[in-house]
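Trainee: okay, structure incoming, though there's no sequence with it:
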């Protein structure tokens, strides 16, 4: 079945550092890809998404590009802030969109001032 | 738009007891999903509804679990004869078909 693998955490960075969280997937067909974020004490929120190969999703300074050739959707941000401290989940759904999501295990990011 | 709400937020129960959770989706959303999240893991799909029809159930959903969405609005998830392995965060999400899933805050279940 479909699956998502993302890098193990926790990741600890200093403020203004560059962030990469790796995510690779296994899926039949052409899935849609998502990054969700869970801030402390809050529910999951969609951060960004991409629905086809070479699409770039972006939001709040975060970016991820749908790479079909490497089955990857790595999350990047050029300069992290303390407020970015959260758990980040990579997820996919089948190509028809918004059917049940398959999530990775999550990566906890801590940004220190 | 008040978002997805879940009740209760926390539930502590003894092994063998039955528990029921409620989810109220965003009002115009026709799809409703249940997920389970254990510590250090991502959410895992349990079941989902389109309007009142239950369209898919994961093999994670044992026969002790049942979900309903009787009028296509709120949903309930019942766990019978709870076991310690049922301890988890139960998440509800909703969407309008083809658009973003919105998640509720979750119900944390602790089985003692």
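Mentor: It's in. If you're wondering where the values come from, they're calculated on a predicted model, not measured in any experiment.
Trainee: please make it C-alpha for all contacts and neighbour counts, starting now.
Mentor: Will do.
Trainee: okay, strands next: where are they in chain B?
Mentor: B:5-7, B:10-13, B:19-24, B:31-37, B:44-50, B:53-57, B:65-68, B:75-79, B:88-95, B:102-103, B:107-111 (DSSP state E).
Trainee: next, format those as a markdown table and append distance to residue A:93.
Mentor: Listed next are the strands of chain B as a markdown table, based on distance: least, C-alpha to C-alpha, whole Å:
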| stretch | distance to residue A:93 |
| --- | --- |
| strand B:5-7 | 23 |
| strand B:10-13 | 29 |
| strand B:19-24 | 22 |
| strand B:31-37 | 13 |
| strand B:44-50 | 11 |
| strand B:53-57 | 14 |
| strand B:65-68 | 22 |
| strand B:75-79 | 22 |
| strand B:88-95 | 13 |
| strand B:102-103 | 14 |
| strand B:107-111 | 24 |
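Trainee: now tabulate those strands in JSON lines and tack on mean neighbour count, distance to chain A and mean pLDDT.
Mentor: Listed next are the strands of chain B as JSON lines, based on neighbours: other C-alpha atoms under 10 Å in any protein chain shown; distance: least, C-alpha to the nearest C-alpha, whole Å; pLDDT from 0 to 100:
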{"stretch": "strand B:5-7", "mean neighbour count": "21", "distance to chain A": "10", "mean pLDDT": "96"}
{"stretch": "strand B:10-13", "mean neighbour count": "14", "distance to chain A": "13", "mean pLDDT": "98"}
{"stretch": "strand B:19-24", "mean neighbour count": "20", "distance to chain A": "14", "mean pLDDT": "98"}
{"stretch": "strand B:31-37", "mean neighbour count": "24", "distance to chain A": "7", "mean pLDDT": "96"}
{"stretch": "strand B:44-50", "mean neighbour count": "22", "distance to chain A": "6", "mean pLDDT": "95"}
{"stretch": "strand B:53-57", "mean neighbour count": "14", "distance to chain A": "9", "mean pLDDT": "91"}
{"stretch": "strand B:65-68", "mean neighbour count": "18", "distance to chain A": "16", "mean pLDDT": "96"}
{"stretch": "strand B:75-79", "mean neighbour count": "19", "distance to chain A": "16", "mean pLDDT": "98"}
{"stretch": "strand B:88-95", "mean neighbour count": "25", "distance to chain A": "8", "mean pLDDT": "96"}
{"stretch": "strand B:102-103", "mean neighbour count": "24", "distance to chain A": "6", "mean pLDDT": "93"}
{"stretch": "strand B:107-111", "mean neighbour count": "19", "distance to chain A": "11", "mean pLDDT": "97"}
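Trainee: can you tell me the centre-most residue of chain B?
Mentor: residue B:34 (3.6 Å; C-alpha atoms, centre = their mean).
Trainee: please read the previous query as pertaining to chain A.
Mentor: residue A:35 (3.3 Å).
Trainee: if we can go back for a sec, now the residue nearest to the centre of chain B. Nearest residue, chain neighbours left out?
Mentor: Nearest residue to residue B:34, sequence neighbours excluded (C-alpha to C-alpha, 6 or more residues apart in numbering or on different chains): residue B:92, at 4.7 Å.
Trainee: partners of the closest residue to residue B:6 other than its chain neighbours in the sheet?
Mentor: Nearest non-adjacent residue to residue B:6, counting by C-alpha to C-alpha, 6+ apart: residue B:23, 4.5 Å away. Beta bridges link residue B:23 to residue B:6, residue B:75, judged by DSSP bridges.
Trainee: which residues does residue B:23 contact?
Mentor: Residue B:23 makes contact with B:4, B:5, B:6, B:7, B:74, B:75, B:76, B:92, according to C-alpha atoms under 8 Å, 6 or more residues apart in numbering or on different chains.
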